[in-house]
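> Task: produce atomic coordinates for the following.
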Amino acid sequence: MYLTYAAPGGHALIDRELYLPRCWITDPARCAAAGIPPGRTFATRPELARAMICRALGAAIPAGWVAGDEVYGAGPGLRAELEACEVGYVLAIASLLTTAALPPGGDARHRMRWSAWRRRHQHTARACHYRRQAAHDP
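This is a model prediction of the structure:
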């Protein structure tokens, strides 16, 4: 995996991490044969991206925002880290993943209120739909 820095003048690869599947990490003989140091633990791609971004931000590399595909959008730890560092992000998410939009500084209580509001309004919308449908059916 690579971390790319992009600016109006161009782009450069500024960091890298080797992603190792879990089946590799759990096979010490395979790791030894490949020259992977003992003690290496499994990390998901979002976790590796988080580590690289934290290193870049720690080195005072200016970043206004981060972009990534749905592999990285599935990592809540990565999104939380970017929010904590006040770095904007555009991360794709899989179509099967549901999200709740929270305002900046939103908390779990707001999420609960949003969830209750959504359930109530979905119920109302369904009821209205069926009433309209019944009114139009002969």
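> worst-scoring helix or strand of this protein, pLDDT-wise?
Considering only helices and strands, the least confidently modelled element of the chain by mean pLDDT, DSSP states H and E is helix 108-136, at a mean of 60.
> Domain boundaries for this protein, per the record?
When the chain is parsed with automatic domain parsing, its domains come out as 2-96, 100-138.
> Deepest in the core, which of these is it.
When those are scored by mean count of other Cβ atoms under 10 Å, the highest mean neighbour count falls to domain 2-96 (a mean of 13). Bear in mind the C-beta positions are built from the backbone N, C-alpha and C, glycine included.
> Quick check: mean pLDDT of that one?
Domain 2-96 shows a mean pLDDT of 90 in the predicted model.
> Just the residues contacting stretch 70-85, thanks.
Taking contacts as Cβ atoms under 8 Å, 6 or more residues apart in numbering, the residues outside stretch 70-85 that touch it are 44-47, 49-50, 53-54, 57, 66, 68, 88-89, 91-94, 97.
> distance between the ends of it?
The separation between the terminal residues of stretch 70-85, taken as Cα to Cα, to the nearest Å, is 21 Å.
> same check, this time on stretch 6-19
The first residue of stretch 6-19 is 22 Å away from its last residue (Cα to Cα).
> got the contact list for it?
Contacts to stretch 6-19, defined as Cβ under 8 Å, 6+ apart, come from residues 1-5, 36, 43, 45, 48-49, 51-52, 55-56, 61.
> Mind checking which of these are in strands?
Secondary structure assignment by DSSP state E places 2-5 of the contacts of stretch 6-19 in strands.
> And the furthest pair within those?
The distance between the two most remote of those (Cβ to Cβ) is 10.2 Å, for Tyr2 and Tyr5.
> The chain: helices as residue ranges?
Taking DSSP state H to define them, one finds helices in the chain at 22-25, 28-34, 45-58, 70-73, 76-84, 108-136.
> I'd like the distance between Arg55 and Ile14.
9 Å (Cβ to Cβ, to the nearest Å).
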